[in-house]
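# When you get a sec, could you give me coordinates for this:
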Amino acid sequence: MADAPSLTIVHVLRAPMGGVLRHVRDLADAQGAAGHRVGLICDVAGTAGYNEPMLAELAEGLALGLRRVPMARSIGPGDIGAARNILALLRKMEPDVVHGHGAKGGVFARAVGAMANRSRRPARIYSPHGGSLHYDPASRSGRLYFAVERMLERVCETILFVADYERQTWRAKIGEPRCPTRVVHNGLAPGEFEPVPAAPDAADFLFIGEMRMLKGPDLFVDAIGALRGGPHPQVSGVMVGAGPDRDAIAGRIADAGLGDAIALRDPMPARQAFALARAVAMPSRAEAMPYIVLEALAAGKPLIASHVGGIPEIMGPENPALIAPEGAELTVAMDRALSEPDRLARQMPPVADLRARFSAETMAGAIIETYREALARARGAAGPGSGPSSSVS
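A predicted model of the protein is given here:
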């Protein structure tokens with residue numbers, strides 16, 4: 001494939017934040033470095049938690065630039081105007097591949113992607129990143145979103161999952177995909193596998209991520225409170241991030257009288273945050289394949305994490321550092337980590353193994369391969385949805 005032609009690729013996502021933006025950044029950087037022309041369409045600025053510094057840095061290297069269109073989180077009448085605006089931008093870029101990320105980005109990429117290039121039909125790729133799969137299939141919202149996902153399978157060349165867990169969840173909640181699928185794990189750059197030692201004044205535990213109850217920041221606060229009131233009165237924590245529930249978490253810290261025990265910090269680069277604590281706690285209630293788990297382990301940080309989503313695919317399904325996302329289990333795990341810190345460190349997967357399995361180079365190469373296979377279907381006789389197939393990279 002060394003002489004394969006370069007591609008014009010446009011990524012579409014609603015919310016430029018968290019692991020989804022990190023994934024798109026790494027992918028776009030690798031694709032640009034490989035000679036492909038890359039662009040990005042996302043929501044306009046102004047929403048709390050959007051990582052504008054990372055987005056600005058990414059935009060500098062995009063051959064097709066960064067374009068911003070108002071996109072609402074929920075399904076509504078405004079989506080019609082957003083779809084028209086996105087289609088107009090896509091037609092100017094004339095992509096070979098339209099890659100939608102997250103629920104809303106995926107809807108736009110698939111719904112209007114086929115009309116994006118009048119001369120050559122583009123491939124439409126969808127990466128859920130958890131997204132709509134977090135909904136309960138018995139709920140009204142879940143039924144709506146899953147019906148939309150099912151319908152859009154027919155206008156999608158490939159669904160790219162970041163974890164096998166994500167693909168199995170799709171099958172359980174939506175059904176066997178009617179288009180090809182592939183699992184490609186997230187990956188890290190070589191420098192991210194270097195250790196990050198704790199600062200001399202480091203706290204005991206770090207929570208880092210979106211301040212959203214789904215990620216379990218309330219469980220972290222409650223566990224620190226329980227430890228302070230019990231066997232570890234001097235335990236300390238630091239919480240790094242922003243999001244819709246940040247004010248609620250700040251209030252929870254104040255109401256519990258933990259202002260001197262938990263420092264609340266604004267978003268910062270993960271490796272900078274890792275130096276703020278001796279161990280990391282990630283009590284998420286739901287995840288797909290979280291970058292922060294990979295980053296923490298690659299940096300040599302002892303980690304307590306929830307046994308949810310694709311996390312067991314990283315740490316091993318029987319790893320004793322994995323817990324249920326419940327306050328009592330988190331408190332016990334943090335108590336044990338304080339009492340026996342070496343034990344938690346020994347439970348971490350070897351960094352050499354992580355480097356072999358989760359590299360950005362491997363991730364980007366597998367996705368470009370997927371694009372080319374999808375393009376062959378889109379521009380060939382078979383077309384999208386020509387028959388489900390699956391693979392794991």
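# hey, let's count contacts and neighbours off CA atoms from now on
Will do.
# Spell out which residues make up each domain of the chain.
8-187+359-392, 190-355 (automatic domain parsing).
# Just the local confidence number for Gly49, please.
Predicted confidence (pLDDT) for Gly49: 82.
# An error on my part: the question was meant for Pro384.
48.
# for Arg120, same thing?
What the model reports for Arg120 is a pLDDT of 89.
# counting contacts, what elements does the helix ranked longest in the chain pack onto?
When the chain is parsed with DSSP state H, its longest helix is helix 360-379. Here helix 360-379 touches helix 18-33, strand 123-127, going by 3 or more C-alpha pairs under 8 Å, 6 or more residues apart in numbering; DSSP states H and E.
# tilt between that helix and strand 123-127?
Put simply, helix 360-379 runs at 140 degrees to strand 123-127, going by axes from the mean of the first three to the mean of the last three C-alpha atoms, to 10 degrees.
# Lowest average pLDDT across the helices and strands packed on helix 360-379?
helix 18-33 (a mean of 94).
# Contacts for that helix, please.
11, 15, 37-38, 51, 55, 58, 61-63, 101-102, 129, 186, 209-210, 290-292, 360-361, 364 (C-alpha atoms under 8 Å, 6 or more residues apart in numbering).
# And stretch 103-122, by the same measure?
In contact with stretch 103-122 (C-alpha under 8 Å, 6+ apart) are residues 12-14, 42, 73, 83, 86-88, 90-91, 94-100, 123-128, 131-132, 152, 155-156, 375, 378-379.
# Those in helices, which ones?
Using DSSP H, the contacts of stretch 103-122 in helices are Ala83, Ile86, Leu87, Ala88, Leu90, Arg91, Leu152, Leu375, Ala378, Arg379.
# What's the local residue count around the closest residue in space to the last one that isn't next to it in sequence?
It refers to Arg379. In this structure, Arg379 finds its nearest non-sequential neighbour in Arg121, 6.1 Å apart by C-alpha to C-alpha, 6 or more residues apart in numbering. Each residue near Arg121 was counted by other C-alpha atoms under 10 Å, and the total is 19.
# Next, Arg121: phi, psi?
Here is the backbone geometry of Arg121 (degrees, to the nearest 10): phi -60, psi 130.
# Relative to Val112, how far out is it?
11 Å (C-alpha to C-alpha, to the nearest Å).
# again, but for Leu58
24 Å.
# Comparing the two, which residue is more hemmed in?
Ranked by neighbour count (other C-alpha under 10 Å), Leu58 and Val112 place Leu58 first, with 21 against 18.
# and the more buried one, what element?
According to DSSP states H and E, Leu58 maps onto helix 52-60.
# Tell me the buried residues in that helix?
Neighbour-count burial for helix 52-60 flags Leu55, Leu58, Ala59 (criterion: 16 or more other C-alpha atoms under 10 Å).
# Please apply the same query to stretch 117-129.
So, applying 16+ other C-alpha under 10 Å, buried residues of stretch 117-129: Asn117, Arg121, Pro122, Ala123, Arg124, Ile125, Tyr126, Ser127, Pro128, His129.
# Any quick ChimeraX command for the buried ones out of the contacts of helix 18-33?
This is the ChimeraX syntax for the buried subset of those, where burial follows 16+ other C-alpha under 10 Å:
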select :11,15,37,38,51,55,58,61,62,63,101,102,129,186,209,210,290,291,292,360,361,364
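# and the residue nearest to Ala299 when sequence neighbours are not counted, how many neighbours does it have?
Leaving aside its chain neighbours, Ala299 sits nearest to Pro195 (4.2 Å; criterion: C-alpha to C-alpha, 6+ apart). The tally of other residues near Pro195 (other C-alpha under 10 Å) stands at 17.
# Just list the residues touching Leu58, thanks.
So Leu58 contacts Arg25, Asp29 (C-alpha under 8 Å, 6+ apart).
# State the distance from it to Asp43.
When distance is defined by C-alpha to C-alpha, Leu58 is 15 Å away from Asp43.
# Same question for Ala116.
19 Å.
# if you count what's nearby, which of the two comes out ahead?
Ala116 (25 against 21).
# got JSON lines for the ones in helices among the contacts of stretch 103-122, with distance to Arg336 too?
Converted to JSON lines, the ones in helices among the contacts of stretch 103-122 look like this (distance: C-alpha to C-alpha, whole Å):
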{"residue": "Ala83", "distance to Arg336": "51"}
{"residue": "Ile86", "distance to Arg336": "51"}
{"residue": "Leu87", "distance to Arg336": "54"}
{"residue": "Ala88", "distance to Arg336": "56"}
{"residue": "Leu90", "distance to Arg336": "53"}
{"residue": "Arg91", "distance to Arg336": "57"}
{"residue": "Leu152", "distance to Arg336": "47"}
{"residue": "Leu375", "distance to Arg336": "51"}
{"residue": "Ala378", "distance to Arg336": "54"}
{"residue": "Arg379", "distance to Arg336": "57"}
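# wait, which of those is closest to Gly241?
Ile86 (29.6 Å; C-alpha to C-alpha).
# for the protein, which spans come out with low pLDDT?
1-2, 381-393 (pLDDT under 70).
# what are the ranges of the strands in it?
Secondary structure of the chain by DSSP state E: the strands cover 8-13, 37-42, 65-68, 97-101, 123-127, 158-161, 181-183, 203-208, 237-240, 262-265, 277-282, 303-306, 322-323, 390-392.
# Pull up the pairing partners for the third one, direction included.
If you go by DSSP bridges, strand 65-68 pairs up with strand 37-42 (parallel).
# Equivalent analysis for the fifth one, please.
Strands that pair with strand 123-127, judged by DSSP bridges, come out as strand 97-101 (parallel), strand 158-161 (parallel).
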